[in-house]
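>>> structure for this input, please:
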Amino acid sequence: MTASRTRLFARRAWRIARTEIVALSALFVVAMGIMIFVELADDMTEADGRAFDQAVLLALRPGGSADGWGPPWLETAALDLTSLGGIAVLGLFAVIVVLFLVLQRKRLSALLLVFGLAGGVALSEGLKAVFARDRPPAAWQAVETINASFPSGHALLSAVFYLSIGVMLTRAFPRRRFKAYVLGVALLLTLIVGLTRVYLAAHWASDVLAGWSVGAAWAMALWLVAYAVQRRQAVHAGGPHDETLPGEAIGDTDPRVIGE
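I've put the predicted structure just below:
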């Protein structure tokens with residue numbers, strides 16, 4: 001075996017190993033998300049879990065008032081930022097992103113994003129109906145709420161949407177620091193939405209933790225579906241897939257992106 005063939009073999013072997021590690025990591029996130037949610041759902045009915053939620057809420061809403069901890073501008077900022085997890089804002093962003101993906105001939109990515117958000121809404125509403133947990137006292141809330149508290153729909157849907165988009169965008173940047181930046185922004189947006197829900201007394205802290213865990217698990221489950229589809233399409237052509245545009249480079253890289 002020549003030196004060039006040896007290097008090519010080693011490169012492909014490393015690429016396959018790295019891809020499988022990423023897939024196993026995604027599966028680990030799914031499993032951990034489910035386990036954390038089950039634990040939170042169990043603690044929700046116990047005294048220790050309720051005491052934790054009460055302590056967090058009292059720390060952010062001293063004396064049980066509608067005035068949150070910190071200066072007045074902080075609550076105004078929280079009211080603005082929490083909208084990033086609202087169904088109307090996410091729906092608008094989703095339409096923009098899906099149309100962009102369709103124009104880029106990324107049909108599988110567009111389909112999975114639509115399915116992911118629709119499934120996230122169904123998960124959120126279904127779990128709320130099952131647990132039917134009461135919200136924090138209305139006198140403490142700085143925003144209007146309309147349904148059950150557990151899990152937080154804002155936290156769940158923001159995790160699904162922003163993490164999915166973050167993983168997609170990593171494909172556009174070859175350097176690791178840019179990939180890390182994109183994923184960091186996705187995580188930051190997800191965290192901001194959840195934290196503002198607790199700060200505004202729209203949810204108990206465990207509601208947000210549960211929303212994050214389910215949302216992350218659902219996002220990684222979608223990635224695993226896309227990964228399986230990509231592997232199958234490598235053997236059998238057909239079905240929705242992400243096309244390469246004319247002039248777009250085709251690199252020998254692992255499929256880290258939803259729909260690729």
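
>>> center of this structure - which residue?
Nearest to the mean C-alpha position of the chain, counting by Cα atoms, centre = their mean, stands A159 at 2.4 Å.

>>> ok, the nearest residue to it once chain neighbours are set aside - how many residues close by?
Leaving aside its chain neighbours, A159 sits nearest to G215 (2.7 Å; criterion: Cβ to Cβ, 6 or more residues apart in numbering). Glycine gets a C-beta too; all of them are placed from N, C-alpha and C. The local packing of G215 (other Cβ atoms under 10 Å) involves 33 other residues.

>>> gap between G215 and I21?
23 Å (Cβ to Cβ, to the nearest Å).

>>> go on, L189?
Remark: distance between L189 and I21 (Cβ to Cβ) = 26 Å.

>>> the two: which has the busier surroundings?
L189 (20 against 11).

>>> where do the helices sit along the stretch 101-250 of the chain?
Applying DSSP state H, counting those that start in this stretch to the stretch 101-250 of the chain gives helices spanning 107-131, 153-169, 176-199, 205-233.

>>> circling back: can I assume the residue nearest to A159 is in contact with H154?
No: when contacts are counted by Cβ atoms under 8 Å, G215 is not listed as touching H154 (9.8 Å).

>>> on that earlier part again, is the residue nearest to the centre of the chain in contact with I192, as I believe?
No: the pair A159 and I192 does not pass the contact test of Cβ under 8 Å, sitting 11.7 Å apart.

>>> count of neighbours near F100?
Other residues near F100 number 12, with proximity taken as other Cβ under 10 Å.

>>> over to the one 10 residues further on?
Residue crowding around A110 was assessed by other Cβ under 10 Å; the count is 22.

>>> one more: L84?
Residues near L84, counting by other Cβ under 10 Å: 18.

>>> then the one 5 residues further on?
The burial metric for V89, expressed as a neighbour count using other Cβ under 10 Å, is 17.

>>> look at it and report its pLDDT.
As predicted, V89 sits at a pLDDT of 91.

>>> what separates it from R232, distance-wise?
Taking Cβ to Cβ, one finds V89 at 35 Å from R232.
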